[in-house]
Structure formats: structure tokens, C-alpha cells
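**Q** When you get a sec, could you give me coordinates for this:
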Amino acid sequence: MLPHGYKPALYASVAALALTQITPSFAQEATTKLEDIVLSLGKEKVAIETPMAVTVISQEEIDAEQATTIGEVLENVPGVATINPDAPLGQSFNIRGIGAALAADENRMILQVDGVKKFFEQYRMGSFFADPELYKSVEVLRGPAGSTLYGAGAMAGVIAIETKDASDFLEDGKSIGGRIKGNWSSNGNSFNTSALVAAKIGEDLEFLSSLNFGRQFAYKGGGDSVAADEGATNVYAGLAKLKYTFGEDKDQSLTASYERSQYNADDQIYDRTQLLSGMATADRSARNESAVLKYENSFNGNDLLDVSVQLAYSKEKTRQSDLKEIRHWRGHMYKPFGDETEYAYTTWQGKIENRSDITELSMPAYLTYGLEFVEQERLNPRYSAAGVAPGSSSHPEGESLTLGTYAQAEIEVLPDLVLTPGVRLDYSSITPGKGVKAKEGPSDVAFSPKLAAYYDLTDNLGLFGSFAHTERMPSIDEALGGANYTADSISQIKKETSDNIEGGVALSFNDLWMEQDALRVKTTVYHNTIRNHLVAYYDHASNRAMFEHMNRATYYGVELEASYNSPTIFAEAGLSYTKAKNHDKNLVIDSAPPLNGFVSVGYNFAEYDLRAKWRSKFFAAKTEFDNPDFKAGAYSLHSASLDWKPSEGTFAGVELRASIDNIFDKKVVTPGTGRVLKGREFKLTLAKQF
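**A** Next comes the predicted model:
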């Protein structure tokens, strides 16, 4: 049975697109990016027919970007900005204006890998570090409607990442496959290598193993500006995955996987966010790892039962050693972080979810519902000759526990109208750790209801809209840090609440200018009101990171996505306009990025299995900063690439990519941090799939 509310022609296009992910060829039917399959919203659907803004980044697009950081993967998603996208360490994320370099944005947006929540908060370190070579897809859900399935408080949105599977590299009838890859970049003379092997043992067992190594050196900013960092960073990454299929009609599976990325570097500036030269230097080792055990059972095609159960372990840890003294603003030398420090998050997560198609029992409807728990311990030991000090007022130790239950329905109330109501309840509590004077932390319940709708007004025009409310519990930083660190008791901190309204139009045209071409356009307008809003910022008068409380703030804007494809010409475009306002002081909020957009145009030389593309990105001026070093004028960046992927013959399975980024070597300062982006860079990638 085809999912209700979807057109057979559109599903045929999606199937064609899926085949191109496996076959190394550019000869394909005309499908567009907005027809990518979305897996993270309940029932599988295509991106343009979702009742909210969602972007899918496929394996082919990740490869085409020649990305070495997640920030580079996300750079063409409207409404999403990465702070320091070129930095392997020091990255943070911003969705629709929410998220800043020094912010405790943990649980304002949810980032997960294979269903495992991943977020790391460390003083001047960034939020996430991992090798994108391990990943095959990234889905970005913008706005708080994603809170229903992913967790209360996701008022900015959700970034859902999936790792590679053995089946992605095993062609029909083959029991072994794999891929080797190497890429080099001229700016910094850096390189990355990877080797992947996939195997099928018998009929039921699949195995994948991937090992990656890279070495990243200091890069130069545009206009031959000063190198952005010193020293070299060694990157080690790996993924192992084992899947066993069993049961009647092979309706059950058990998957075990382990993923790890590690970054080692000596003599790094401690501050990875701004690279302030006055900060101490240190030898740093950063580790991000996950282990997942997942059981799935479709109960031999039973419409009411499609169960998945997952247990996961996650750890993010950085260790700084050989910390140097720095000069205090009063003149004396001291070590603010001790001789050695660790920042570590250890998390256990469990989730059980069922999906039911009740079309045969009532009107066409699809239900997704489940239970989830997340338990996290945060430690920050600091070692010195005086002993071990646990945490500090700026990074307190503690534990958090979240228990959640959720349900979402997708109901076809009319042949062309699908309603999506959903609700989630999360109970959260925080327990103070060592160093915190109080023995009991805050606890409360967060409530997240939503209602979304998608209506096919005509074959070419779709209308969608949604209302979503979510509540964010305080993070460990907010609950236990600052004045609360030494308080006898911790007062209950008010929950942040978000009320988001959004809507838009989706346009779909086939055979528009030539046979087998396709044009898709999706425009979204949103208005998000947040109350009891805590925003982190850098106070230059006191030279400290501070929290500002706002009784009411609004984030509003518009996003546009467009994609066109034909047997020869293809193009994409995106536009994002975001404004944010603090109504208490009638001031703008600095974290809102400037007006920005991109346009890319390419041509498929199908006869030669060759694809050429030009991309231009545009940014308006950003001036709403107290510190003049953080301001940025309007600028544009341009890149070109050439991909060769033979579909047959001696070189079948080979992938050769060459590109030039920042062609005109433009000097660009990242708004909000003052870090300089990479200057002109040549990239070369050679890969072979077998």
C-alpha cells in the first residue's frame, strides 16, 4: 500500500533518486533535492510534502562538498548557520537565529546521530566534533515542531544524522564491497583518507567497518591574512556495524554499532571559538564516541505493529594538558584551568517506539508513539599541585535525567488534506555534582503539543502550516552555575516556552521547459515567540560570558528553497531572512544571522559521466554587535567544481572530484567570533567503490 496522500508519479521519482545513490552515474531521471525522502518525521515522505521546513542532505551531496567538518555539510541549508564552519574544533550551530558561540544552547536544538543525542558544552570549545566521512545522510528540521518526536525544548530545530550501512555498499548478488577514498586541500596542505569494507555473511548477517585518518594544518584566511591557528590536528575516526536479520519472513533485525571520532593536537590556543591570543595554550585530545544496540520487528507486516527498541551509550570528552600560564588583567601570571583539565559527558539513552497504520480500521491514519529516557553525567575535574578540583561556577558538575513519552498522528481527513497532531511530555530533573553547595536541583515537566497540516490545493500547488508549543528545561549550566554554584538551595528556574506559527507554499512542476525536467519550490514564513528566554553573550566591560534574561523575545523570518533538474541542466537556490528582537529592551538579538542566500547552477555531460557546477553565496552586512571586531560587511563567496563518475568500463566505480572554494580569495570575518574563514582553496578527491 502506498502511503496515503502521495502521488504515484512522485514516488516513482523518489525511487529513481534512491537508485542514483547506489549507481555511480549522472544519467538519471529528473528529480530534485526537494524530492528526497524524509525519515525523521514519522511516516516516510518527500521533503516538499512535509508540513514544516525540512532539508535532506544525501550521501552524494556530502561527498560532493568534500567536507571535513559538519559545518561544511550544513552550509547550504536555509535558516542554518554554523559558527566557525572551517574549524574541526570550536563549531557551534545556529538555526533560525537561535544559537551563539558562547551560548548554552544544549536542548534548544537537538543533534543526534543514529538516534543518539549528541551535544557538548565546554568553555570556548564548541558544540560537536565528528568526521563527516562516517555519515550518509543529514536531515535538518527547522522550528519547534520537531520537539514531538525528538525532545521538549527543541525550539530551534533538530539535526538528525545517520551513519553508513553495509547495504549501501553491497550490490545485488555480491557478498563483499567497499570504498577507499583520499582527499587533499591546498589551504593548509591538509589531507584525509578512509577505507571501508562491507560484507554479507550468509543470507542474514551484514558487517561494515570503516577507518579514517586525516591531518589538518593551519589555514590562511582570504586575502593572505594571518593563519587561523597554529600546529596540526590529527583526526582518527572509525565505524563498525553488525546487522543480523531473522524471524518469519525476515521481519526482525538486531543491529550493533560503534562510532568514534578523535582529534589530537599540541600547542592549541585554549579558546577554539575566537582564538584569542591572550588565552592559554594546551595539548588537547577530544573524543566523541557512541555505541548503539537496536532491535526492530515489523511483525510480519502487521499494520498495527512496527516496533523498534534502542539502547545507546555516548561519551564526549576533551582533555587539556600542559596548560600554560596567562597574564591576569591585574598583571600577575596564573593558570585559570589548572595544570590539566577534563570536560566529559557520559550519557545512557533508551527508547521504544511503535508505528501503526490504522487505515483499515478508520480514516487513513498513521501513528508514531513511544517512550524515551536520557541520563547524563557531566564531569569537569581540574588537576593541579593542590589536588583535584571538581568543576567551577562556569562549568559545574552534575547529572540530568529526562523521561519522555510522545505520540504523533498523520491523518488523511480529506483526499488531499493531511493533519499531523502531536504531543509530548518530558519530566526532567538535575542533581548537583561535586563542588556545588546545594544538594538538590530543579525538576519539572515540559509540555509540547503541535498541530500541522498539508493540503494539495492542485497538482502543482500545496499549502502547509503548523502551530507548535514547547517548553525547555534549564541546562546544567543555567541551573547550577553562576550564583547558584555557592547557594545553599537552588531556586526553581522558570521554563523557557516557545510558541511558533509557520506556514507556506510548495510548488511542483514537471516537464516545464523540456521533457523530463522538474522544478520544486518551497517557501516558509515563521514567527517564534519565546518567553523567559536566557541568552548567553560576551560582556566586554567585565570580560566575561554572561546570561541575559528576557521576558519575551521573538524570532521571525522567511526561508526559500528551490531546485531544478533535467537530463542536462540542474540548479538549486536558497534564501534565509531572520530577525530576532528582545522586547524588554526593544533591541535586536545579536545571534540572528544576516540575510543570506545561495545559487548553484550545473550541467551534466552525460556522455562523459561528467558534472560541472558553479555556486555563489551571498551575505548582507551584519552590524548589530557591540564589539566592532565582530561586525561583518556584505560579501559573496564563489566556488566551482568538476565531478567525474564513470558508469561503465575500466573506470566504473571511480570518483574524481576537483573544486575551488573562495575563488576570489575574499577575506571574511565570522560574525560573532571574529575568526577568519578560509581563503582560496583547491580540493582534490579520488575514490573507488568496489
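**Q** average pLDDT for stretch 523-530?
**A** Per-region confidence: stretch 523-530 scores 96 on mean pLDDT.
**Q** Could I have the CA atoms of that stretch written out in CSV?
**A** These are the backbone C-alpha positions of stretch 523-530, laid out as CSV (Å, rounded to 0.1, in the frame of the first residue of the first chain):
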residue,chain,number,x,y,z
THR,A,523,8.7,28.9,0.9
THR,A,524,8.2,29.0,4.7
VAL,A,525,7.3,32.0,6.9
TYR,A,526,7.6,31.7,10.7
HIS,A,527,7.2,33.6,13.9
ASN,A,528,8.5,32.2,17.1
THR,A,529,7.7,33.8,20.5
ILE,A,530,10.0,32.7,23.4
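**Q** Enumerate every residue touching the spatially most central residue of the chain.
**A** Compute the mean C-alpha point of the chain, and by CA atoms, centre = their mean the closest residue is Ile159, 3.6 Å away. If you count contacts by CB atoms under 8 Å, 6 or more residues apart in numbering, Ile159 has them with Leu74, Phe93, Met109, Ile110, Leu111, Gln112, Val138, Glu139, Val140, Leu141. In this view, the C-beta of every residue, glycine as well, is placed from N, C-alpha and C.
**Q** among these, which are in strands?
**A** Among the contacts of Ile159, the members found in strands (DSSP state E) are Phe93, Met109, Ile110, Leu111, Gln112, Val138, Glu139, Val140, Leu141.
**Q** Now render the contacts of Ile159 as CSV, adding distance to Arg272.
**A** Compiled in CSV, these are given as follows (distance: CB to CB, whole Å):
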residue, distance to Arg272
Leu74, 18
Phe93, 15
Met109, 19
Ile110, 22
Leu111, 18
Gln112, 23
Val138, 22
Glu139, 27
Val140, 23
Leu141, 27
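**Q** if we take the residues you listed, which one ends up nearest to His638?
**A** Among these, Leu74 lies closest to His638 (CB to CB), at 19.1 Å.
**Q** what about that closest one, neighbour count?
**A** Using other CB atoms under 10 Å, Leu74 has 23 neighbouring residues.
**Q** Now do the helices in this protein.
**A** 8-20, 59-65, 70-73, 147-150, 476-480 (DSSP state H).
**Q** where in the stretch 501-650 of the chain is pLDDT low?
**A** The model of the stretch 501-650 of the chain has pLDDT under 70 over residues 536-547, 625-630.
**Q** circling back to that earlier point, could the contacts of Ile159 go into a markdown table alongside pLDDT and distance to Phe690?
**A** A markdown table is the format used below for the contacts of Ile159 (pLDDT from 0 to 100; distance: CB to CB, whole Å):
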| residue | pLDDT | distance to Phe690 |
| --- | --- | --- |
| Leu74 | 89 | 30 |
| Phe93 | 86 | 36 |
| Met109 | 88 | 38 |
| Ile110 | 90 | 37 |
| Leu111 | 89 | 33 |
| Gln112 | 92 | 31 |
| Val138 | 92 | 26 |
| Glu139 | 92 | 29 |
| Val140 | 92 | 32 |
| Leu141 | 92 | 35 |
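**Q** From those residues, list just the buried residues.
**A** Leu74, Phe93, Met109, Ile110, Leu111, Gln112, Val138, Glu139, Val140, Leu141 (16 or more other CB atoms under 10 Å).
**Q** Tell me which residues touch Arg611, please.
**A** Phe26, Gly602, Tyr603, Asn604, Phe605, Leu642, Asp643, Trp644, Lys645.
**Q** burial count for the residue lying closest to Glu624 once chain neighbours are set aside?
**A** In this structure, Glu624 finds its nearest non-sequential neighbour in Val588, 4.8 Å apart by CB to CB, 6 or more residues apart in numbering. Counted with other CB under 10 Å, the neighbours of Val588 add up to 14.
**Q** pretty sure Val588 is touching Pro594, no?
**A** No: judged on CB atoms under 8 Å, Val588 makes no contact with Pro594 at a distance of 11.3 Å.
**Q** circling back to that earlier point, between the ones in strands among the contacts of Ile159, which is closest to Thr273?
**A** For the ones in strands among the contacts of Ile159, the nearest to Thr273 is Phe93 (12.9 Å; CB to CB).
**Q** Pull up the gap between Ser225 and Phe217, please.
**A** 16 Å (CB to CB, to the nearest Å).
**Q** got it, and Glu478?
**A** Remark: distance between Glu478 and Phe217 (CB to CB) = 37 Å.
**Q** Also Ala195?
**A** In terms of CB to CB, Ala195 sits 22 Å off from Phe217.
**Q** again, but for Glu139
**A** Here the criterion is CB to CB. By it, Glu139 lies 32 Å from Phe217.
**Q** picking up where we left off before, of Glu478 and Phe217, give the one with the bigger neighbour count.
**A** Glu478 (20 against 16).
**Q** hang on, that one packs against Leu534?
**A** Yes: assessed by CB under 8 Å, Glu478 is found in contact with Leu534 at 5.9 Å.
**Q** hey, where'd the strands end up in the stretch 501-650 of the chain?
**A** 518-539, 544-565, 569-582, 587-588, 596-605, 610-619, 635-644 (DSSP state E, counting those that start in this stretch).
**Q** Let me know which of these is the nearest to Tyr258.
**A** The closest of these to Tyr258 is strand 635-644. By CB to CB, the value is 31.7 Å.
**Q** in that closest one, what counts as buried?
**A** Tyr635, Leu637, Ser639, Ser641, Asp643, Trp644.
**Q** Next: stretch 422-439.
**A** 422-433, 435-436, 438.
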